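Chemist: okay, here's the prediction I keep looking at, along with the sequence it came from:
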Amino acid sequence: MTALPSPDHILAAMQDIVGASGCLTDAADTESYVTDYRRLYRGKSPVVVLPATTEQVSAVMAWCYAHDVPVVPQGGNTSLMGGAVPDDSGTAVVINLRRMNRVLAIDTINDTMTVQAGVTLAGARAAAEESRRLFPLRIGSEGSCQIGGNLSTNAGGTAVLRYGNMRDLVLGMEVVLPDGRVFSSLRGLRKDNTGYDLKHLFVGAEGTLGIITAAVLKLMPQPRASAVAFIAVESPDAAVKLLGEARQLAGPAVTAFELISAPALDLVLEYLGDTASPLPERHDWMVLVELTSGADEEALNATLMQILESGLERGWVKDAAVAASGADAQTFWRIREEISDAQTRTGGSIKCDVSVPLSRIAEFIGNASARVLALEPATRMVIYGHMGDGNVHFNPLRPKDRSAADFLGQWYKPVSDLVDGLAHAENGSISAEHGIGVAKRDDLRQYKSQVELELMWQVKRALDPKNLLNPGRVLPGLDSPK
């Protein structure tokens, strides 16, 4: 095997391509690029490269490919699975796309928006709003996460129930391949049956097959009306039944249906400090429901009240707070969106991101909760998520009297394995929207068939035969299956 170029040689080559200002090497400057969001994974890199154009990304990749230098693509670095930072070998160049942050075009007739991959999700949503359109992806890290990363992890979020994942929101894509070639389908077509739809290879691939540099995204009409309620329900089973009733009565107007456990609400209210529960009494389970439509506000609120009344009559609903203003709705959503950060600040949560068929979600939550509490009775069961698409963030949190290090050291792997196994037994997935990265990579040998693994490796070999692009991520093991 040919020896890798020296760090000085790599740096000089990168500076020739992107300029000295586009290369970071000092430890203080690179710290945030080589450390993951939860500070669980930390690596090294000879240089963090900040390209400004697709041509620069292409040139960097071509040089690295020719010299066998591994590359880690990176967006906002909000991954929870360790998939966007280098390992500790110090051999991989990090390519961060934050300088590629321009909205290239908005077509209000075609209802599309073309953006560079480094545009933040918040920036994309704001640009759409300025054109009186909606880009519907909505996740808690929208101020930091970038469109390229959203596509690379097939991000979901709180509006999947109505609008789908990122795979459903992209029409075209520009991707730099491992050898530096550029694939482009930035056409904004909703119908194109000219062979394989190649863009979908790169959605959810976590930067292992190519570096997404631009995309054409779908836009939607802005809703004219919204109705939001924070509802106490009898149980997860009651929540599932209430969702069915909401869909029956409101149809596609049901935009979000978020489950929240009492420990999750307790934690976030303690973290926020300045926010009270929307409900006067403590309840074991709650859902945050949002309806949106092009109809008038009065009609939508009437539909929401009809859903609540039906739930009360059937014993599914115990209490409810209906947002009387936009400020109320923002408060309700703030509670939901801050649950993740509240856990990070507190430390000691075992983050299981699973999905199961909606018909099995209540039984899964009940079984998994009982099994975890049998291991550690004082565990705080922080459970929340996008109930409408079966995605549960099942995050057992350390007891208040145990340190994060102690709790995670004892229970992280046993509990993760337990929860993943129960989800798999329900025909579910061990990763609903966080991806695989490093954290779940080796688990795929247990939950993916040999045929699936071999097919994924065949795709990887075809596009990246040298295994230089985000190596050691997603695909299990150091070597591909034989």
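Modeler: That came in fine, so what should we check first?
Chemist: next, M381: phi, psi?
Modeler: phi -90, psi 90 (degrees, to the nearest 10).
Chemist: that one reaches D266, doesn't it?
Modeler: No - using C-beta atoms under 8 Å, M381 is not in contact with D266, being 10.7 Å away. Any C-beta I mention is one placed from the backbone N, CA and C, and that applies to glycine too.
Chemist: out of the two, which sits in the busier spot?
Modeler: Using other C-beta atoms under 10 Å, the more surrounded residue of M381 and D266 is M381, with 18 against 15.
Chemist: beta partners of that one?
Modeler: P396 (DSSP bridges).
Chemist: residues contacting it?
Modeler: 261, 263, 369, 372-373, 396-397 (C-beta atoms under 8 Å, 6 or more residues apart in numbering).
Chemist: cool, T275 as well?
Modeler: Shown in contact with T275 (C-beta under 8 Å, 6+ apart): 269, 331, 334-335.
Chemist: what about E129, neighbour count?
Modeler: By other C-beta under 10 Å, 12 other residues sit near E129.
Chemist: how about it, what does it touch?
Modeler: Here E129 is in contact with Q222 (criterion: C-beta under 8 Å, 6+ apart).
Chemist: can you list the low-confidence ranges for the stretch 201-350 of the chain?
Modeler: Within the stretch 201-350 of the chain, the set of residues satisfying pLDDT under 70 is empty.
Chemist: need the residues that contact the helix or strand hosting E309.
Modeler: E309 is part of helix 297-313, with elements assigned from DSSP states H and E. For helix 297-313, the external contacting residues (C-beta under 8 Å, 6+ apart) are 224-227, 229, 231, 233, 238, 242, 245-246, 249-250, 253, 289, 291-293, 317, 320, 322.
Chemist: can you tell me which of these end up in strands?
Modeler: Among those, the ones falling in strands (DSSP state E) are 225-227, 229, 231, 233, 289, 291-293, 317, 320, 322.
Chemist: of these, buried ones?
Modeler: Buried members of the ones in strands among the contacts of helix 297-313, scored by 16 or more other C-beta atoms under 10 Å, are 225-227, 229, 231, 233, 289, 291-293, 317, 320, 322.
Chemist: S369 contacts V382, doesn't it?
Modeler: No - taking contacts as C-beta under 8 Å, S369 lies outside contact range of V382: 10.9 Å.
Chemist: which one's more surrounded, those two?
Modeler: Neighbours per residue, other C-beta under 10 Å: of S369 and V382, the larger number sits with V382, 27 against 18.
Chemist: give the contact list for the more buried one.
Modeler: 261, 263-264, 267, 339, 343, 349, 393, 395-397.
Chemist: what of S235?
Modeler: Contacts of S235 (C-beta under 8 Å, 6+ apart): 284-285, 362.
Chemist: among those residues, which lie within strands?
Modeler: W285.
Chemist: which residue ranges of the stretch 351-482 of the chain form helices?
Modeler: Listed in chain order, the helices of the stretch 351-482 of the chain (DSSP state H, counting those that start in this stretch) span residues 361-375, 404-425, 444-447, 450-463.
Chemist: about what we covered before: the contacts of M381, buried ones only, as a ChimeraX selection?
Modeler: Selection command for ChimeraX covering only the buried members of the contacts of M381, criterion 16+ other C-beta under 10 Å:
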select :261,263,369,372,396,397
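Chemist: could you dump the contacts of S235 to a markdown table with neighbour count?
Modeler: Below are the contacts of S235 laid out as a markdown table (neighbours: other C-beta atoms under 10 Å):
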| residue | neighbour count |
| --- | --- |
| D284 | 15 |
| W285 | 22 |
| A362 | 18 |
